Structure formats: structure tokens, C-alpha cells
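Novice: I'll drop the sequence and a predicted model, then ask my questions.
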Amino acid sequence: MPNTLSEAIYREASEHHVGKPLKSYRNKRVLALLILALALFVITTCNIVFSIYDYHQWQSRAQSTDNFFRVCSTCIESNKESIQNIVNSTAQQMQTKIWISSLPLLVTLVLFLLYWPERKKRLYLCSEGLLFTTGKQTKVIRWDEVQEVTNDTTSCTLKRSDESAFSIEKGLINSELWRVIEDRLEERLRSRILERYERGETLNFGDILLDTRGIKRNGYTNTWHEIADARIEGQRIALKIGNEWERLPGKIPLARLCVEMIQHARIGV
């Protein structure tokens with residue numbers, strides 16, 4: 001299915017100087033939850049309607065029974081009370097069932113309140129950067145503005161030299177887009193990151209920090225003399241400490257560039 005983009009997006013991309021829009025991305029989890037909420041609303045509404053219909057049918061039958069006992073001169077009083085108790089108990093159970101059937105509507109309402117505003121969020125991959133829009137607000141970043149890439153459990157963040165940031169929700173990034181972002185940024189950041197390292201600055205690669213003394217990870221530091229080698233395993237990095245390979249937890253942004261810097265630092269010691 002072609003990824004067709006609107007003329008408005010082309011205009012916005014041109015106005016913000018991020019080049020030509022190539023593809024759009026949306027959070028499929030949000031779309032799935034909204035569809036789930038809609039299905040839950042339809043099912044719950046139908047269930048409530050049928051329960052109310054059954055309740056009214058029962059009330060009609062109960063009223064007919066009550067009218068019968070009123071005119072029945074041979075009926076025993078205790079039988080009247082026993083049947084009336086059954087009628088009242090059943091009516092109460094049916095009312096409770098209607099209220100319980102209504103509870104999923106609250107879940108539906110919560111889902112809509114949480115995710116309906118999210119439906120318009122789009123991330124656009126452009127030839128010269130990224131464009132993000134909520135339908136009301138637009139944010140952009142050019143590839144040549146990015147100085148550093150960090151990530152956490154909820155988002156990936158592209159940082160500029162003035163410390164301003166362009167955050168991308170994890171739900172908007174799939175493996176295809178992440179590879180494209182890495183390809184575009186590695187080419188542009190390689191020389192800058194090398195210069196920063198030579199100046200003695202700390203380089204941030206997500207959960208890994210590099211400087212001239214070594215690698216800091218999870219509160220522990222390995223000096224460059226301790227590290228025998230490094231390699232990429234998927235989007236993760238493995239370090240050879242002594243004779244043992246250790247795979248680091250978590251996905252590392254710009255993993256290939258990070259391994260290049262580790263190899264460069266090892267050669268320099």
C-alpha cells in the first residue's frame with residue numbers, strides 16, 4: 001500500500017528546511033487500542049440494550065403474575081409471598097446485571113480520553129531530517145543539527161549543540177526507521193564525535209558513556225586496558241573483557257559508531 005503524503009506536509013517540510021518528506025510513521029499501538037475501545041463500546045452497548053429488554057420483559061411477566069394472584073381467591077397466601085420473593089430477587093439480580101454490564105463503558109471512556117488525542121501524531125522521515133506533528137503543533141530537526149543521540153524506556157532523543165532536544169516516542173519508531181536514522185546520523189556525527197573524544201569530553205551512547213579513561217556502564221567503569229575487543233550483536237554491543245565476551249543489556253543508539261569509537265580508543269592506549 002503506497003505511503004501517500006498530503007500537500008500540507010510537503011509545505012511544512014519545505015518551510016522548516018528538512019527537505020522532501022519520504023515516509024510517515026504512526027503509533028500502531030494507539031490505533032489498535034482505539035479499535036479495541038470502539039469494539040468494546042459496541043459490544044457493551046448491545047449487551048446493555050439486551051439486558052434492559054430482558055428486564056422489561058420480566059417486569060411484564062411479573063406484573064401479570066401479580067395481577068393473577070390479586071384475583072385468585074383459592075391461592076394460598078404463603079405461595080403468593082414465596083413467588084413474590086422470587087420475583088423481587090430476580091428483578092434485583094437483573095438490575096445488578098445491567099449495572100455490571102455498564103462497567104466496560106467506563107474502560108472505553110478512559111481509553112478514548114487517553115488515546116484519542118494521540119491519533120493525529122505523525123513522524124515524517126524527510127531527506128534532510130525529521131518532522132513531527134500532533135495536528136496542532138509541529139517540531140523538526142535537521143540531520144546536521146544533531147550532536148548526540150540518547151534513549152530510555154519511552155523515547156529516543158536527538159540533542160542539538162544548544163542542548164535543545166527532539167524526542168521521539170518509542171511507539172513511532174520501528175526497526176526500519178531506526179536503521180535509516182542511524183545511517184543518516186553516523187555519517188554526519190563520526191567526525192564530530194571523534195573531535196569531542198579527543199578534547200576529553202564524555203560521549204553518550206544511551207546506557208554507555210565513553211571518555212579517555214574507559215567505558216562507564218551501570219555505575220561501573222572498565223578502563224581501556226581491560227577491554228580486549230568489541231562487536232555488534234543485533235542492536236546490542238558485546239565487550240571482550242579479558243578472555244570472556246559480555247553482551248551489554250539494552251539497545252544502544254548508534255551502536256556501529258559506538259563500536260568504532262571503542263576500537264579507536266583501544267588503539268590509542
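Specialist: That came through, no problem. Everything numeric in this text was worked out from a predicted model, so none of it was measured.
Novice: Ala228: what's it in contact with?
Specialist: Ala228 makes contact with Lys240, Ile241, Gly242, Asn243, according to C-beta atoms under 8 Å, 6 or more residues apart in numbering. Any C-beta I mention is one placed from the backbone N, CA and C, and that applies to glycine too.
Novice: for the third one, what are its contacts?
Specialist: For Gly242, the contact set (C-beta under 8 Å, 6+ apart) comprises Glu226, Ala228.
Novice: same thing but 7 Å
Specialist: Residues near Gly242 by C-beta atoms under 7 Å, 6 or more residues apart in numbering: Ala228.
Novice: just the second one next, same as before
Specialist: Listed by C-beta under 7 Å, 6+ apart, the contact set of Ile241 reads Asn222, Glu226, Ile227.
Novice: Which one (most neighbours) among those residues?
Specialist: For these, neighbours were counted using other C-beta atoms under 10 Å, and Ile227 has the most, 19 neighbours in all.
Novice: correct me, but it touches Gln263?
Specialist: No. If you go by C-beta atoms under 7 Å, Ile227 and Gln263 don't touch, sitting 9.7 Å apart.
Novice: What strand or helix carries Leu209?
Specialist: Assessed by DSSP states H and E, Leu209 sits inside strand 208-211.
Novice: Glu182 too?
Specialist: helix 175-198.
Novice: I would like the residues contacting that helix, please.
Specialist: 25, 125, 143-144, 146-147, 149, 203, 210, 254, 256-257, 261.
Novice: ok, which stretches of the stretch 151-269 of the chain are strands?
Specialist: 155-160, 165-169, 203-205, 208-211, 214-217, 220-223, 227-233, 236-241, 244-247 (DSSP state E, counting those that start in this stretch).
Novice: pLDDT score assigned to the nearest residue to Gly200 once chain neighbours are set aside?
Specialist: Of all residues not flanking Gly200 in the chain, Thr212 sits nearest, at 5.6 Å (C-beta to C-beta, 6 or more residues apart in numbering). pLDDT, Thr212: 90.
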